[in-house]
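Undergrad: Show me how the following folds:
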Amino acid sequence: MNVGEVDLLVGLPTHNNAETVGTVVQAIQTGILKNFTRERAVILNVDGGSKDTTCDVVTASSISDIRRAYNTHALRTLPAISVRYGSSPSSETALHTILAAADLVRAKACAVISPESVTIEPEWVSRLLHPIYREHYDYVAPLYRRPKFDGILVTNLIYPMTRAIYGQSVREPYPSEFGFSGDFGNQFLLSHNWRDEHGQFGTELEMFLNAAGSGLKITQSFLGTKGRAENRSDDLVAAMRRTVGVLFLSMDANFERWSADMSRHTGLAANPEYEIISDSSRVNRKRLKQMFSDGVSQLDSVLRSILSPSTVGSLHQIAALDEESFRYPADLWARTVYEFAASHHHSVMSRDHIVQALVPLYRGRALTFMVENRNSSAMEIENSIENLCGEFEQLRPYLLDAWNDGKRGSHA
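TA: Numbers count the residues shown, from 1 in each chain. Just a heads-up that it's a prediction; the model follows:
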């Protein structure tokens, strides 16, 4: 409240980030002082119980050296405030705190930046805030330069599905950096069920889906290289819950919008600055293939409750293939995901069990994508992702049929 009203707010959620947060804060300060010299701004650090000196590093950051280095002079001070919201980290609570603070200070444009983004440049701040503050966008998603096998869950499921059902070609729908207007932030703050058990994870994705489902003005900004250091979790089940689980839930809430015109084209072109770079990741083909085949066999009765008979039959056929011949085709993968979404909607069993049952099948699709593209150029991988998106878009009527059909299997 001592800050008063501001034009810009940059949120920085932290937990034991003392080693990197100083560099990130300096980049944020530089970005604001260089690009928004007349605007009132505040940096808000929301901390989830750090045991190190994270909060001290944030509040001790000085902007005098930055002013001298860049010969800039802000008309007002640039406060960096640190608040602790609990004794353990929660991305949902951190975002809730940032949104509540933005509403309190009546910020017109806001950005959230990860303290682990060691590759950050001062220009990131302008690229996230400028479209909101100057061009009146409601939401800004980032674009990064990424290794080609980084984020396969996004490139092979979340991105093609959000693009197909919401008409938005947003490459990073579950971002750690993003921008949003104060109006949209307040709208989401008031509409989101913060006490719902599903809100404990994937709130960043849900915020994007809310913007897409509400038909708000969305754009993308290229930030630069995204390092691998910021790995949210190695637990694939947890990753599926906070991505696929959240996406499936959003489809119920936004059904009227995404089902209104299943033949529409995407409303946002992919930014040409999006880049894929070489990747030295090694693929354990034998292990992934075995995990897929074991999953199909062990979950047979579960899959028969979720999927149509023809899809289950196709999965057993490819599970029986040897390692060299194994391939999970894009069209079969799209039908699989759509049938999972429809069964999630119909709650044919525990929704969490439905999401978990998709894990071994995703491993099979990930294996296919990595093997097919192991020697591919960046352009060839882009074409592969584009072709997969095409399958999801072409099968939108199939999704709607499955969604409206409460009897499992009749959409085979």
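Undergrad: mind listing what's buried in stretch 90-107?
TA: 90-99, 101-103, 105, 107 (16 or more other C-beta atoms under 10 Å). Heads up, the C-betas are built off the backbone N, CA and C, glycines and all.
Undergrad: nope, stretch 127-136 is what I meant
TA: Arg127, Leu128, Leu129, His130, Pro131, Ile132, Tyr133.
Undergrad: before we move on, what about stretch 249-259?
TA: Buried, per 16+ other C-beta under 10 Å, within stretch 249-259: Leu249, Ser250, Met251, Asn254, Arg257, Trp258.
Undergrad: Pull the contacting residues for the last one.
TA: By C-beta atoms under 8 Å, 6 or more residues apart in numbering, Trp258 lies in contact with Ile165, Tyr166, Gly213, Met251.
Undergrad: cool, and the second one?
TA: Contacts for Ser250 were tallied using C-beta under 8 Å, 6+ apart; they are Glu206, Leu209, Asn210, Gly213.
Undergrad: what kind of secondary structure is it in?
TA: Of the three states, Ser250 takes helix under DSSP: H, G, I helix; E, B strand; the rest coil.
Undergrad: confidence score at it?
TA: On pLDDT, Ser250 comes in at 93.
Undergrad: And for the fourth one?
TA: Predicted confidence (pLDDT) at Asn254: the value is 91.
Undergrad: Now do it against Leu209, distance only.
TA: Note on Asn254: its distance to Leu209, by C-beta to C-beta, to the nearest Å, is 7 Å.
Undergrad: just the second one next, same as before
TA: Noted for Ser250: a distance of 4 Å to Leu209, by C-beta to C-beta.
Undergrad: Mutual contacts of Asn254 and Leu209, please.
TA: Joint contacts of Asn254 and Leu209 (C-beta under 8 Å, 6+ apart) are Tyr166.
Undergrad: Name the helix or strand for Leu128, please.
TA: Per DSSP states H and E: Leu128 is located in helix 123-133.
Undergrad: quick one: that helix to chain centroid distance?
TA: 19 Å (C-alpha atoms, centre = their mean, to the nearest Å).
Undergrad: Please apply the same query to stretch 308-318.
TA: Relative to its parent chain, stretch 308-318 has a centroid offset of 30 Å by C-alpha atoms, centre = their mean.
Undergrad: circling back: sort out which one of the contacts of Ser250 lies nearest Leu303 for me.
TA: Nearest to Leu303 among the contacts of Ser250 is Leu209, at 26.3 Å by C-beta to C-beta.
Undergrad: Now Ile81: phi and psi?
TA: phi -110, psi 140 (degrees, to the nearest 10).
Undergrad: what about it, how many residues close to it?
TA: Using other C-beta atoms under 10 Å, Ile81 has 16 other residues around it.
Undergrad: Show me what the helix holding Leu128 is packed against.
TA: strand 8-14, helix 18-35, strand 109-112, strand 139-147, strand 178-181, strand 218-225 (3 or more C-beta pairs under 8 Å, 6 or more residues apart in numbering; DSSP states H and E).
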